[in-house]
Structures are given as C-alpha cells and as structure tokens.
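Chemist: Give me a 3D structure for the following:
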Amino acid sequence: MSFQSAYSLELKQYVTPKEAFDFSCSPIGTPNHLTNAKMFQCGEKCSFKLTLANFNNLGFNKTPYFTPGARNQRHDPNNCQRMIEHYQQREQEVTSENHISFYREKNKLIVDLDLVKGILATVTNPRQKDESNFSSESNKDEMHRQSSHSSCTDEDKRTFRSHVKQLRDLIKYFLKYQSGEKYTFYDKYKREIQLERYFVNLKEANQRGINLEDVHIYYDTATVKSIDNKENPEKSYFLVRFHSKCTIGDVSNYPSILINKNAASHHGVKEKLKILEKAAKDKQPLKLFYFGKFIKHSSKKYINPDVSYEDILDYLVIS
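Modeler: Predicted coordinates for the structure are as follows:
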C-alpha cells in the first residue's frame, strides 16, 4: 500500500511525502520544521506508524515516500479513513472475483477450501513415496514417512495447481484483513466464519491450546539452511526451521521441514526454491505459511509437516 499523505504527530496536520521532506530539510527554528522521521502515522485516528524514508537527506535523489514504521501493524478498521474508503470502493463493485475454491463479492469472501481436512484438490490415486530417494546419515533422524496429497491424472494436476494458487490468494486476503481491511468471511453454505480460527501463529499455538495434529494454516518466521551434497547432488536439500518451539504430546521442538532440491521440481515451485536459496545465502528469516497438520517423527525428537517432501512446497506460501 502506498501512502500519499500521513498525519504528522509533530505538526498535528496531514502532510504529503514532499511536504514532510521539505519541512525536515528546513532550518531549525523555522515554521513547520520537522525533527523526527518516525513521528508520522496513517491518520489522526489511526495509529499505524509511518516513517519518511529520506528524512532530512538533501542528497536523496528519489521521490520522497512514507513506509510502514514497524512490522505486523494493524490499521484501525473503524476509524482509519483509508480502510473506510477501501471498504466503500469495494461496495461499489458490480462483478465478483472468482477463485473457484473461494470468491469475493464486494466485502464478503466465501471460502470453499477444505480447512478441516487440509485438502487442496480431490485426488484420484495417491502417489506412494519411495523414501530411498532421499536419505543420508546426517539427516535421516529428521526424515519421516509423510502422506502424499498429489494425484497422477492431468485433470487432477491442473485442479491441484489451481487450488495452490487459490491458497496463496486466500492468505493474501487474510494478511490484508490482519492489517485492518474490513472483510467478512463465510463458508460455502454462506454461514459467517472467523477465518482467524483457521490461521495459527506458531508462537501462540501452545497458549491457544492448538493441537498441531489438527489441520490449520500455520505461520511463523523461519530460518533456511542450504545443505549441498557434492558427491550426491540429488541428495542436496534445504532445512527450514520455524522460530517458535511447539509441543505434540511428549515431543517439544522447533517444527522443521526438509526439502529435497531435486525431488521438489514440479510445476510452480521453482520460484520458491529460488527464494529459499536466497534466504539461506543472505541468512535472512522468511515468513512462511503452511496448510496442513504436523506429526511427531518416529524418533520422538522432531516435529514435521504431514506432507511428503515432493509435495511440501505446494503447501507452503512464502510471504
């Protein structure tokens, strides 16, 4: 979202990025002089923090702009003028936005994705996993038998890819909702649902009493490590570890995912592999969403997704 203006907490008035920049560069003591790049917010009644990126920087040759001052902020949905305007604009729409497994009608989102069973598409014949394709002495304890949700017919594959995209789009709407956009969610029977019930921040899973063996859309920040096997490149993999410690029964650990770089090479995952590689190289955490449930590893040491390593990237959305 771009911000064409912001409320200055110093001046007690709205200013454009250009005005804020000029005021920040004005001599001390002059009218409207600004002293702090972080003293801006979305509106007089919306405390969403903003920062002027090029504050008091005469050498900055780009157009001045406001940027969010912190992560995971929320606009006041009832008092933020931007959120109110967005709501009113959507109410004037005359066409629906159809995503097959969910669709949006003005400010209503009707969800037909199976948020109970964790199914993205109906499968014809489950593919059996050959665990011998991916094992090594260094990672065998974290590997476990996972059920596959893929299918082998062309029609099923097309449906599955469509549902993967719709999962990503649904998560985008959830993030907008989290940021303050006024949406109401319904199931396919037009009964209102609280979508946040199906989204679980792993950081809050224990305090919410969430059973990780139940299907939800889980999310958290995660660290990525790239493990390259030079002697057997086909055994190279990513180790993705979520940052929040969780518990299933008598096992407490940080949920982790092993992603074989070669087995996970089907349609639609190449871009995700590039993002994982860059995150591992830059040592920067990612925000990941996982649709499904977790299981305990047979060694009772690890907590892993209940999805095969060939399919896991389809059930991950990188934000």
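Chemist: quick one: low-confidence parts of the stretch 151-300 of the chain?
Modeler: 151-164, 264-268 (pLDDT under 70).
Chemist: what about the strands in it?
Modeler: With DSSP state E, counting those that start in this stretch as the definition, the stretch 151-300 of the chain shows strands at residue ranges 184-187, 192-193, 199-201, 216-227, 237-242, 246-248, 251-253, 256-260, 286-292, 294-296.
Chemist: Please confirm that Val307 is located within a strand.
Modeler: No: counting by DSSP: H, G, I helix; E, B strand; the rest coil, Val307 is not found in a strand; it is coil.
Chemist: what's around it, how many residues?
Modeler: For Val307, the neighbour count with other Cβ atoms under 10 Å is 25. C-betas here are computed from N, CA, C, even on glycine.
Chemist: do you know how far it is from Lys261?
Modeler: From Val307 over to Lys261 the distance is 17 Å, taken as Cβ to Cβ, to the nearest Å.
Chemist: re earlier: let me have the strands of the stretch 151-300 of the chain in TSV, extended by distance to Lys12 and mean neighbour count.
Modeler: Converted to TSV, the strands of the stretch 151-300 of the chain look like this (distance: least, Cβ to Cβ, whole Å; neighbours: other Cβ atoms under 10 Å):
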stretch	distance to Lys12	mean neighbour count
strand 184-187	35	16
strand 192-193	40	13
strand 199-201	36	18
strand 216-227	36	20
strand 237-242	43	21
strand 246-248	46	18
strand 251-253	50	16
strand 256-260	49	20
strand 286-292	35	22
strand 294-296	50	21
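Chemist: Apart from its neighbours in sequence, what residue is nearest Ala205?
Modeler: Using Cβ to Cβ, 6 or more residues apart in numbering and skipping the chain neighbours, the partner closest in space to Ala205 is Cys246 (5.5 Å).
Chemist: Surely the one you found is in contact with Lys203?
Modeler: No: contact criterion Cβ atoms under 8 Å: Cys246 and Lys203 do not qualify, at 9.2 Å.
Chemist: Pro68: what's it in contact with?
Modeler: 48-51 (Cβ atoms under 8 Å, 6 or more residues apart in numbering).
Chemist: got a winner among those for most neighbours?
Modeler: Leu50 (26 neighbours).
Chemist: does it sit in a helix, a strand or a coil?
Modeler: Taking three-state DSSP, the label given to Leu50 is strand.
Chemist: From Gly29, how far off is it?
Modeler: For Leu50, the distance to Gly29 equals 25 Å [Cβ to Cβ].
Chemist: And for Val307?
Modeler: Distance from Val307 to Gly29, by Cβ to Cβ: 63 Å.
Chemist: what's the answer for Asp76, then?
Modeler: Applying Cβ to Cβ, one obtains 35 Å for the distance of Asp76 from Gly29.
Chemist: For those two, indicate the residue with more neighbours.
Modeler: The residue with more neighbours, out of Asp76 and Gly29, is Asp76; 17 against 6, by other Cβ under 10 Å.
Chemist: dump the residue contacts of the spatially most central residue of the chain.
Modeler: Central residue of the chain (Cα atoms, centre = their mean): Ser319, 3.6 Å from the mean position. With contact set as Cβ under 8 Å, 6+ apart, Ser319 has these partners: 171, 175, 219, 286-289.
Chemist: what's the answer for Tyr183, then?
Modeler: Counted by Cβ under 8 Å, 6+ apart, Tyr183 has contacts 104, 107-109, 173, 176-177.
Chemist: I am assuming Ile303 contacts Tyr290, so please confirm or correct that.
Modeler: No: the criterion here is Cβ under 8 Å, and Ile303 misses it with Tyr290 at 11.6 Å.
Chemist: Enumerate the beta-bridge partners assigned to the nearest residue to Phe3 once chain neighbours are set aside.
Modeler: Leaving out its chain neighbours, the residue that sits closest to Phe3 by Cβ to Cβ, 6+ apart is Phe66, at 4.1 Å. Beta-bridge partners for Phe66, by DSSP bridges, are Leu52.
Chemist: Near Phe66, how many other residues are there?
Modeler: Neighbourhood size, Phe66 [other Cβ under 10 Å]: 22.
Chemist: Now the terminal residues of stretch 89-107, how far apart.
Modeler: The first and final residues of stretch 89-107 sit 9 Å from each other (Cα to Cα, to the nearest Å).
Chemist: Need the residues that contact it.
Modeler: Contacts with stretch 89-107, where a contact means Cβ under 8 Å, 6+ apart, come from 87, 109-113, 162-163, 165-167, 169-170, 173, 182-184.
Chemist: are any of those buried, and which?
Modeler: The neighbour count (16 or more other Cβ atoms under 10 Å) marks 87, 109-111, 113, 163, 166-167, 169-170, 173, 182-183 as buried among these.
Chemist: just so I have it, where are all the helices in the stretch 101-250 of the chain?
Modeler: Remark: helices assigned in the stretch 101-250 of the chain by DSSP state H, counting those that start in this stretch are 154-179.
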